[in-house]
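Asker: pasted the sequence and its predicted model underneath.
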Amino acid sequence: MREVPAAEPILRVSDLTVTLGGSAILRGVTFDVAATGVTALLGRNGVGKTTTVKSVLGLHPAGGAIRFAGRDIKTLATHRIARLGIGYVPEDRAVFAALTVEENLRLAETARRPHRYDLVYELFPVLRERARQRAGTLSGGEQQMLALGRVLLGPSRLLLIDEPTKGLSPKYAGQVAAALKLVAREVPILLVEQNLAVVRRMARDAVVLDMGRVVHVGDARALLADPDLTNRLLGVSGPRTRDVNGSAR
Ligand SMILES: Nc1ncnc2c1ncn2[C@@H]1O[C@H](COP(=O)(O)OP(=O)(O)OP(=O)(O)O)[C@@H](O)[C@H]1O
């Protein structure tokens, strides 16, 4: 029987090195992001997860190679990388506080069409309900939904999403995770996430960083099902006590 070749990864990061403020932050990071599903980028605080994501976007000068959909993107300017179809939701959510929800979405419109308001409002009905409300007065969870809505508005081929559930109540974290899971059916996601219950629910693949290096690559659930490995790599005992909605398990 002929083997079906596995799809090419959508993103290939090879031997990525980044120095910031005189310190070597990434020391040869190598990993792939599959063309489907969610790849979780994990690790303790300060190990280089955000730096990795920003480097993919051309926001830090980096050594090594970055290929997106088979194309070398490391030397491209950030706006050109974005135009190739890489969407980014940063950790601080980056919504315009003084503008309404609707204005925030309209500002995210780009030349790349179609603008998928139907998808955004289907995933996050609260954004339609609060269309006229200033973004700065939304709750943290609603602001996160707006930030995700902004990036989902245009067609993307890969989403880089940095800690989308950080600081959210279990209820909102659950809602955001559920929406991202739906999004991941259409667009591959590289997800930085500390909430391991969210990771277990969404991610198929896991990449773990430690001190600027990849120390583990493999199946996300297998990693999280192994308390010793989880403890050694992530410094926690895994998502065993509470699920993503905060219920005890
Ligand atoms: N512009 C910068 N100048 C100097 N050092 C920086 C800069 N940006 C990040 N760093 C340092 O690089 C290291 C990695 O930071 P990074 O934000 O990538 O970590 P992280 O894994 O995303 O952490 P966290 O989980 O806490 O968000 C940290 O020690 C941080 O202080």
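Answerer: On my side now, so go ahead.

Asker: now the strands for this structure?
Answerer: For the chain, the strands defined by DSSP state E cover 11-20, 23-33, 38-42, 63-68, 71-72, 86-89, 158-162, 189-192, 205-210, 213-219.

Asker: can I get these in CSV including mean pLDDT and mean neighbour count?
Answerer: For every residue, glycine as well, the C-beta is placed using N, CA and C. Converted to CSV, those look like this (pLDDT from 0 to 100; neighbours: other CB atoms under 10 Å):
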stretch, mean pLDDT, mean neighbour count
strand 11-20, 97, 18
strand 23-33, 96, 18
strand 38-42, 97, 26
strand 63-68, 96, 17
strand 71-72, 94, 10
strand 86-89, 92, 23
strand 158-162, 95, 23
strand 189-192, 96, 26
strand 205-210, 96, 23
strand 213-219, 96, 15
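
Asker: export the ones you listed to a markdown table and tack on distance to residue 231?
Answerer: Below are the strands of the chain laid out as a markdown table (distance: least, CB to CB, whole Å):
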| stretch | distance to residue 231 |
| --- | --- |
| strand 11-20 | 26 |
| strand 23-33 | 22 |
| strand 38-42 | 13 |
| strand 63-68 | 30 |
| strand 71-72 | 38 |
| strand 86-89 | 29 |
| strand 158-162 | 24 |
| strand 189-192 | 20 |
| strand 205-210 | 12 |
| strand 213-219 | 13 |
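
Asker: what are the phi and psi values for residue 76?
Answerer: Here is the backbone geometry of residue 76 (degrees, to the nearest 10): phi -80, psi 150.

Asker: what sits against it?
Answerer: Going by CB atoms under 8 Å, 6 or more residues apart in numbering, residue 76 touches 58, 84.

Asker: what parts of this protein come near the ligand?
Answerer: Within the chain, the positions near the ligand by CB under 6 Å from any ligand atom are 20-21, 25, 43, 45-51.

Asker: rerun at 5 Å
Answerer: Within reach of the ligand by CB under 5 Å from any ligand atom, the chain has these residues: 20-21, 25, 45-51.

Asker: just the buried members of these?
Answerer: For these, a burial check counting by 16 or more other CB atoms under 10 Å picks out 25, 47-51.
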